[in-house]
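Chemist: using only what follows, build the 3D model:
(chains A and B)
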Amino acid sequence: KAGVTQTPRYLIKTRGQQVTLSCSPISGHRSVSWYQQTPGQGLQFLFEYFSETQRNKGNFPGRFSGRQFSNSRSEMNVSTLELGDSALYLCASSKKGQWSQETQYFGPGTRLLVL
Amino acid sequence: EDKVVQSPLSLVVHEGDTVTLNCSYEVTNFRSLLWYKQEKKAPTFLFMLTSSGIEKKSGRLSSILDKKELFSILNITATQTGDSAVYLCAVDDNQGGKLIFGQGTELSVKP
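Modeler: Down below sits the predicted model:
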C-alpha cells in the first residue's frame, strides 16, 4: 500500500509570492492534517480536513488556507509569503471519523524556503 | 493552554546503552498519546497509547502511559547507531485530526 505522498518536495519562493502544496493520503484514508515544522516552534498543527470539510484549524493567520477534494487529496495554500514561512510542511492521513482513535501517518514533507 | 513537554531535549549515548525518553502532557481532552521517530524526513509511527499501565513493545522499543500522572516513557534497550533520530511525543486532543507535539528528544547513538 502506497504511503502518503507530497509534492513538490522542495520549493524556493520569494517574499510576497504565494505557494500551493499537495498531499495525497493513503488509499482509504479520509482525514488529512497539515503541520508546519520549524527548528524554533517544532511541529504545529495548521488544519485538518475530512470529507472535503475543514474540521479543525490551528493558530495560523488567514494567509494559510487549504482544501480537500472528493478523492481525499488535499492542498494547502500560503499567500503573501513571509520569511518566517520557511519550514517543512508535513501532511498526515488517517482513516478516522471524529470518534475513533487512529494513527496519523505522515508524508515526507515539502521543504519551503522563502527568500 | 494544552501542552506536551519532552525531556531531555538531547541525549548522547553509546551503542548498547539503554535510554529512557520522557513525555509529560497537560491536555484537556486527552484521547491518545503517540510516539514517532523522525530521521531526515517524515515522522514514522512507533506506538499509540490509550490506556494506563499497558506496555507496548516492538523489538527493543517499549512504551507505557500513566494517565494519572500525565506522562509516558519510551525505552530503547541495546541501542544501535540506527536509533539516532528525533523522537517525538504527540497527544491527540480529540478535537478532530489535531496532534499536539512536544519539542522532541534528539538521540545520538555513538559507535
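
Chemist: A:Thr110 is in contact with A:Pro8, correct?
Modeler: Yes. Between A:Pro8 and A:Thr110 there is a contact at 6.1 Å, judged by CB atoms under 8 Å. No exception for glycine: its C-beta is placed from N, CA and C like everyone else's.

Chemist: so what sits against both of these two?
Modeler: Residues within reach of A:Pro8 and of A:Thr110 at once, by CB atoms under 8 Å, 6 or more residues apart in numbering or on different chains, are A:Leu21.

Chemist: pick out whichever of those two has more residues nearby.
Modeler: A:Thr110 (21 against 12; other CB atoms under 10 Å in any protein chain shown).

Chemist: can you tell me the closest non-neighbouring residue to the residue of chain B found nearest chain A?
Modeler: Nearest to chain A in chain B, going by CB to the nearest CB, is B:Gly97, at a distance of 2.9 Å. Among residues not flanking B:Gly97 along the chain, A:Glu48 sits closest, at 2.9 Å (CB to CB, 6 or more residues apart in numbering or on different chains).

Chemist: in the sheet, which residues pair with the one you found? Tell me.
Modeler: A:Ser33, A:Asn56 (DSSP bridges).

Chemist: what's the pLDDT at it?
Modeler: At A:Glu48, the model reports a pLDDT of 93.

Chemist: any low-confidence regions in chain B?
Modeler: Scanning chain B for pLDDT under 70 picks out no residues.
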